[in-house]
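Colleague: Show me how the following folds:
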Amino acid sequence: MSDTSTEVYALRYATRPNCMTSEAFYRHDLYGETDTPVGMDYFFWLIRSQGQTVVVDCGFNENVGPTRNRWISTTPSELLSRMGVDPKAVDHVVLSHMHFDHVGNTHLFPNATFHMSRAEYEYWTGRHRDVPAFSWPVESDEVRLLESLRREERLELVDESGEVGTSGARITRYAGHTPGQVVTDIDIDHKKVLLAADAVHYYDEIRRKRPFYLFTDLEQMLDSYDSLRLLDERPDVDVIPGHDPAVSAGYVEVDKDCFDLTTPLVALPRDVVDADPVNG
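Modeller: Next up, the predicted model:
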């Protein structure tokens, strides 16, 4: 059942305007194209629905970011304040996956229940966790914080899909970028907004079949792209990529770096390139 009072926002806390296509896409050299800036925005997301407040991801920690050449332009706390949200009053936090730029501020939400995929949790807390070549996209301290949340019974693990409290939001696993990457969807009036997080970083991943450079299983990621592409082609579904500057350009900015995902500025193109530019 849809809820016309549901609000969904993308909150941009950092940006890398000089990120190049060769940095973003796996084997960009195969396309025979000039390496140009594609940009990379860093978002987390806010849902208010059915009397509940849901935060999807929480950005990277301002102390961790500089060690990875990343800098916060606006803290998540400040962005939530602009939207009238006290982090202590947040009911649920969805963690799409455990990469450092998505789980870095769990401490901001002392009263929230956290939700993530069981496959994701078990992968990063598993037997290879201390091998740098395996664990480099995650922060060991942040993994330990999630283990603490699990012991405190504040972290709920889902298998393939699950509800987020009584908010009406749902999470579904789309593996490949990581084993337990989840997508969050919510119904708004006659449309579904699908927060892809890093299941889709850029529209080009699903519309031009351009794999992102980082993944745990390329074939699974491409399968997830195929499933998400079918949804993206539907006029009643808005797929929102996790890092594409087109999101900032395509939706109404209700406050600085706060974008209303229920109000597009223009109809975003839904063209799909079926042919691979290398193999035809």
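Colleague: mind listing the helices for the stretch 101-250 of the chain?
Modeller: With DSSP state H, counting those that start in this stretch as the criterion, the stretch 101-250 of the chain has helices at 118-124, 132-135, 140-151, 203-207, 218-232, 245-250.
Colleague: so which of those comes closest to residue 31?
Modeller: Among these, the nearest to residue 31 by C-beta to C-beta is helix 203-207 (10.5 Å). All C-beta spots, glycine's among them, are computed from the backbone N, C-alpha and C.
Colleague: Okay, buried residues for that closest one please.
Modeller: For helix 203-207, the buried set under the neighbour-count rule, 16 or more other C-beta atoms under 10 Å, comprises 203, 204, 205, 206, 207.
Colleague: Count the neighbours of the closest residue to residue 166 other than its chain neighbours for me.
Modeller: Excluding the flanking residues, the one nearest residue 166 by C-beta to C-beta, 6 or more residues apart in numbering is residue 50, at 5.5 Å. Residues near residue 50, counting by other C-beta atoms under 10 Å, number 17.
Colleague: Same check on the one 4 residues further on?
Modeller: Look at residue 54: counted by other C-beta under 10 Å, it has 26 neighbours.
Colleague: How about residue 151?
Modeller: When neighbours are defined as other C-beta under 10 Å, residue 151 has 9 of them.
Colleague: before we move on, what about residue 126?
Modeller: 11.
Colleague: Same check on residue 71?
Modeller: A count of nearby residues for residue 71, using other C-beta under 10 Å, gives 13.
Colleague: about what we covered before: next, format the buried residues of helix 203-207 as a markdown table and append pLDDT and distance to residue 154.
Modeller: Formatted as a markdown table, the buried residues of helix 203-207 follow (pLDDT from 0 to 100; distance: C-beta to C-beta, whole Å):
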| residue | pLDDT | distance to residue 154 |
| --- | --- | --- |
| 203 | 97 | 34 |
| 204 | 97 | 37 |
| 205 | 97 | 32 |
| 206 | 97 | 33 |
| 207 | 95 | 38 |
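Colleague: pretty sure residue 93 is in a strand, no?
Modeller: Yes. Judged by DSSP: H, G, I helix; E, B strand; the rest coil, residue 93 forms part of a strand.
Colleague: tell me the pLDDT at residue 267?
Modeller: Residue 267 carries a pLDDT value of 63.
Colleague: How about the one 10 residues further on?
Modeller: As summarised for this prediction, residue 277 has a pLDDT of 42.
Colleague: ditto for residue 71
Modeller: 94.
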